[in-house]
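Q: Curious how this folds, go ahead:
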Amino acid sequence: MKINDKSLSKYASSGAPPDKEGYLHKRGDFNRGYQKRWFILKGNLLFYYEKRTDKDPIGMVVLEGCTVELSDHEDGFTFMINFPGSNSRTYVLSADTQEDMEAWMKALSGASYDYMKLCVNELKAQLQDIDSNSDRKLVQSAFEDRNNLVRQGHVQDQSGFSNNITNSAFSGHARRHNPFDDDSFDRGSMSSRSESISEKKARTFLEMHEEFKQEIKEITQEWLKTHQQSLLAEHLKNSVSVT
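A: You can find the predicted model right below:
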């Protein structure tokens, strides 16, 4: 792809650090011979120059929707950049060493936006799995610590939960049973029990109200008593001073 856009040419020569750069041998589209070119990879754009010291690139490859693979029809450390479609161009490049060829193939394969998007989605899925497992482990650890305290007698078990219930909750998707679907469930007794609990809570609130009321009354009386003593002392002091 030849460059006519000055903005792309400016981006190629900008100070942004390249993802990879180096010499490769590029086979011509019409001339089947190889020419040594200086390549610079920035993001999903592969620029190539006639010489390393040149300011402007002579061509560019947009690495979207392409595949990078070894060339079976060429000798040496040769690989290809293929694009889908019968009229699409195939770029044939050759490196000087096996290590250099592998490094370029890896860099070019991971340069496309689609590839980076797949990597990001994969990382997001892994993070979600880690967060889910971490939350599950934290809750399970909290239940286990509480059960240990109950067994040691440091905490009284008033929750009604057992170790079997706790373990089944984290062993997978446990099947739940709705107690209201059971024929033996007595809604009348449940209703009367709820009313008795409400009455108990109401009585408890009244008792607390009376306790706070009595406490405030005692504090008020104590303050009045102290304040009166202070006023009396001040009055006696003033009387002595006048005398």
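
Q: Next, the contact list for the closest residue to Lys42 other than its chain neighbours, please.
A: Once flanking residues are discounted, Lys42 sits nearest to Pro18: 5.3 Å by CB to CB, 6 or more residues apart in numbering. For the C-beta atoms, the positions are set from N, CA and C on the backbone; glycine is no exception. Counting by CB atoms under 8 Å, 6 or more residues apart in numbering, Pro18 touches Ile40, Leu41, Lys42.

Q: since we're on Arg32, how many residues are nearby?
A: 8 (other CB atoms under 10 Å).

Q: Confirm that it sits in a helix.
A: No - Arg32 is assigned coil when assessed by DSSP: H, G, I helix; E, B strand; the rest coil, not a helix.

Q: can you pull the pLDDT of it?
A: What the model reports as pLDDT for Arg32 is 79.

Q: how close does it get to Ala12?
A: Distance of Arg32 to Ala12, computed by CB to CB, to the nearest Å: 27 Å.

Q: Now do the same for the residue nearest to Lys42: helix, strand or coil?
A: Pro18 is classified as coil under three-state DSSP.

Q: Ile20: how many residues sit nearby?
A: Careful, residue 20 is Lys and not Ile. What Lys20 shows, counting by other CB under 10 Å, is a neighbour count of 15.

Q: what about it, distance to Trp104?
A: From Lys20 to Trp104 the distance is 7 Å (CB to CB).

Q: Mutual contacts of the two, please.
A: Common neighbours of Lys20 and Trp104 (CB under 8 Å, 6+ apart) are Phe39.

Q: next one: phi and psi at the residue nearest to Lys42?
A: In terms of degrees, to the nearest 10, the main-chain angles of Pro18 are phi -80, psi 150.

Q: which residues of the chain fall in helices?
A: 6-12, 98-109, 113-152, 163-170, 187-242 (DSSP state H).

Q: Tell me the buried residues in the first one?
A: So the one you mean is helix 6-12. Residues Leu8, Ser9, Tyr11, Ala12 are the ones in helix 6-12 that count as buried (16 or more other CB atoms under 10 Å).

Q: And the pLDDT at Gly160?
A: Value for Gly160, per-residue pLDDT: 53.

Q: Glu234 too?
A: At Glu234, pLDDT is 68.

Q: on that earlier part again, among the helices of the chain, where is the model least confident on average?
A: Looking over those, mean pLDDT reaches its minimum on helix 163-170, with a mean of 48.

Q: Identify each buried residue in stretch 44-59, please.
A: Counting neighbours by 16+ other CB under 10 Å, stretch 44-59 gives Asn44, Leu45, Leu46, Phe47, Tyr48, Tyr49, Pro57, Gly59 as buried.

Q: Nearest to Asp129, out of these: which one, please.
A: Asn44 (28.7 Å; CB to CB).

Q: how much space between the closest one and Gln128?
A: For Asn44 relative to Gln128 (CB to CB), the value is 27 Å.

Q: Kindly report the same for Asp19.
A: With CB to CB as the criterion, Asp19 and Gln128 are 28 Å apart.

Q: Settle it for me: which of those two has more neighbours?
A: Comparing Asp19 with Gln128 by other CB under 10 Å, the one with more neighbours is Asp19, at 16 against 10.
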